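Undergrad: Attaching a predicted model along with its sequence, questions to come.
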Amino acid sequence: MSNISLELDSCRHYLTEEHIKKAVDASRLLIEEVGEGNDFLGWKDLPFNIAEDYLGEVKRLADKFKACTYVVCIGIGGSYLGAKAIISALGDTFSPYKRRSRPFVLYAGNNLSEDYLYELVDLLKGESFGIINISKSGGTTEPAIAFRILNQLLIDQVGEQKARDLTVAVTSPISGSLRQYALKQNVSMIHIPEDVGGRFSVFTAVGLLPIAIEGYDIDRLLQGARDMQKTTISTHFESNISMQYAAVRNALYDAGRKIEILCSFRPKLRYFAEWWKQLFGESEGKCGKGIFPASANFSTDLHSIGQWIQEGERSIFETVISVDHTKHKLQIPSNDSNLDNLNYLSGRRLDEVNKSAETAAKLAHIDGNVPVIQIKMPTLEEYYLGQLIYFFEVAVAISGYMLDVNPFNQPGVEAYKVNMFALLGKPGYEEERNNILRRLKRQ
Ligand SMILES: O=P(O)(O)OC[C@H]1O[C@H](O)[C@H](O)[C@@H](O)[C@@H]1O
């Protein structure tokens with residue numbers, strides 16, 4: 001079985017002995033569990049430690065929804081991005097418009113848009129649907145509001161008892177209002193281990209349950225993660241691609257490359273990049289430090305921000321996820337009139353054109369002084385996606401430690417929440433409310 005690999009040709013010269021040493025030291029902190037945030041390292045051994053009972057329960061809960069047309073996955077941040085990343089990478093791009101034998105997973109609670117929820121409710125009216133409500137803390141505002149609205153719709157459509165049967169709560173085993181709700185209402189509940197943070201939770205029910213509902217192979221996903229764990233939980237620089245990636249991106253950062261653009265020529269990886277942005281953004285962006293994680297979808301974006309990438313400020317580097325094989329084959333047909341001048345491509349696979357675009361962009365960007373890191377994966381299958389997720393999880397932990405920040409907290413996310421609660425008049429925020437109202441009057 002081949003593996004995901006890393007190619008650093010255009011940026012290896014940025015690496016110094018000092019960066020390599022820092023990366024080895026950071027790996028040691030992770031492996032010996034003595035770095036900051038070491039009470040949130042449950043993700044590290046999850047692929048090996050996940051109990052058969054727990055996995056069995058995930059599969060049983062997924063089966064509960066078999067007869068539903070839709071299952072709404074309610075959650076925000078780490079509580080939906082991993083599932084959406086994997087499901088989008090594995091799925092048929094046009095599945096919303098095709099007949100399916102499995103339930104279709106929809107997402108809610110990741111924004112506060114009234115139109116979004118109205119339109120979702122409108123779609124679900126009269127349809128058979130279920131809800132998985134995912135929140136580690138159990139009290140995040142966006143998913144809580146979405147659940148209140150969708151739960152009411154479900155009760156109106158099928159009655160209280162059936163609505164309970166069609167709901168699963170994925171939350172903390174200890175505290176939070178979602179847990180209290182599930183206990184009081186006798187709703188099925190599966191826990192997120194306390195020592196696994198939201199953005200590291202793909203290999204818990206947070207990611208596994210929606211992925212299993214869509215019918216994908218969660219055992220293969222975990223196998224990929226396990227195989228990646230064997231080489232990345234190690235201090236051996238030459239064989240540890242997570243450590244190499246962490247080292248080179250820190251070297252690039254020290255050389256003034258403050259923005260990393262995760263790119264791919266596969267639209268199916270668009271949401272993978274969204275998952276990656278949360279993982280790296282929340283883990284590293286603190287204490288006035290951190291690479292800004294951005295993303296681009298090529299070749300689409302070569303026709304928009306491609307200009308900036310080629311000739312704009314040289315503060316960027318690119319990390320390209322290259323996928324070797326497609327799932328389907330499609331040839332470009334010949335055409336007698338050749339009015340579009342495309343006959344030189346007749347009979348050739350579209351993937352050949354896509355790969356040429358990828359090589360062309362890589363060379364052009366290197367020529368334009370953009371360092372390019374390449375991550376190669378054989379196909380978009382569960383096994384390799386499991387590898388890729390785990391590869392990035394280890395990399396961000398090492399990279400964060402190299403930067404001397406705690407990669408496992410996200411204190412900055414609270415700031416907007418406090419202001420929002422104050423503005424909305426949430427009990428307990430009276431003083432903040434007075435301050436913020438005074439401040440707004442002044443503006
Ligand atoms: O799962 P929850 O507790 O609802 O949290 C959902 C998300 O929101 C928080 O504000 C954090 O920034 C994220 O790291 C987290 O994944």
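TA: Sure thing, it's come through. Quick caveat, the model's predicted, so the values are computed rather than measured.
Undergrad: Tell me where the stretch 251-400 of the chain has helices.
TA: Assigned by DSSP state H, counting those that start in this stretch, the helices in the stretch 251-400 of the chain fall at 270-284, 306-311, 350-367, 382-402.
Undergrad: Packed most tightly, which of these would that be?
TA: Mean neighbours per residue, mean count of other CB atoms under 10 Å, is largest over those for helix 382-402, with a mean of 26. From N, CA and C alone the C-beta is placed, and that goes for glycine too.
Undergrad: Just the CA atoms of that one, as CSV, please.
TA: What follows is helix 382-402, C-alpha atoms only, in CSV (Å, rounded to 0.1, in the frame of the first residue of the first chain):
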residue,chain,number,x,y,z
GLU,A,382,-11.0,6.8,3.0
TYR,A,383,-7.6,5.2,3.7
TYR,A,384,-5.5,8.1,2.3
LEU,A,385,-7.8,10.8,3.8
GLY,A,386,-7.3,9.2,7.2
GLN,A,387,-3.6,9.4,6.6
LEU,A,388,-3.8,13.1,5.5
ILE,A,389,-5.9,14.2,8.5
TYR,A,390,-3.5,12.5,10.9
PHE,A,391,-0.5,13.9,9.0
PHE,A,392,-1.8,17.4,9.5
GLU,A,393,-2.8,16.9,13.1
VAL,A,394,0.7,15.9,14.1
ALA,A,395,2.3,18.6,11.9
VAL,A,396,0.3,21.4,13.5
ALA,A,397,1.1,20.2,17.0
ILE,A,398,4.9,20.2,16.2
SER,A,399,4.6,23.4,14.3
GLY,A,400,2.8,25.1,17.2
TYR,A,401,5.4,24.0,19.7
MET,A,402,8.2,25.2,17.3
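Undergrad: do that helix and the ligand meet at all?
TA: No: shown here: helix 382-402 not in contact with the ligand (CB under 6 Å from any ligand atom), separated by at least 12.8 Å.
Undergrad: what's the angle between that helix and helix 270-284?
TA: 20 degrees (axes from the mean of the first three to the mean of the last three CA atoms, to 10 degrees).
Undergrad: if we can go back for a sec, adding mean pLDDT and distance to residue 161, write the helices of the stretch 251-400 of the chain out as JSON lines.
TA: Formatted as JSON lines, the helices of the stretch 251-400 of the chain follow (pLDDT from 0 to 100; distance: least, CB to CB, whole Å):
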{"stretch": "helix 270-284", "mean pLDDT": "98", "distance to residue 161": "35"}
{"stretch": "helix 306-311", "mean pLDDT": "97", "distance to residue 161": "55"}
{"stretch": "helix 350-367", "mean pLDDT": "98", "distance to residue 161": "51"}
{"stretch": "helix 382-402", "mean pLDDT": "98", "distance to residue 161": "35"}
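Undergrad: which residues touch residue 177?
TA: 138-139, 144 (CB atoms under 8 Å, 6 or more residues apart in numbering).
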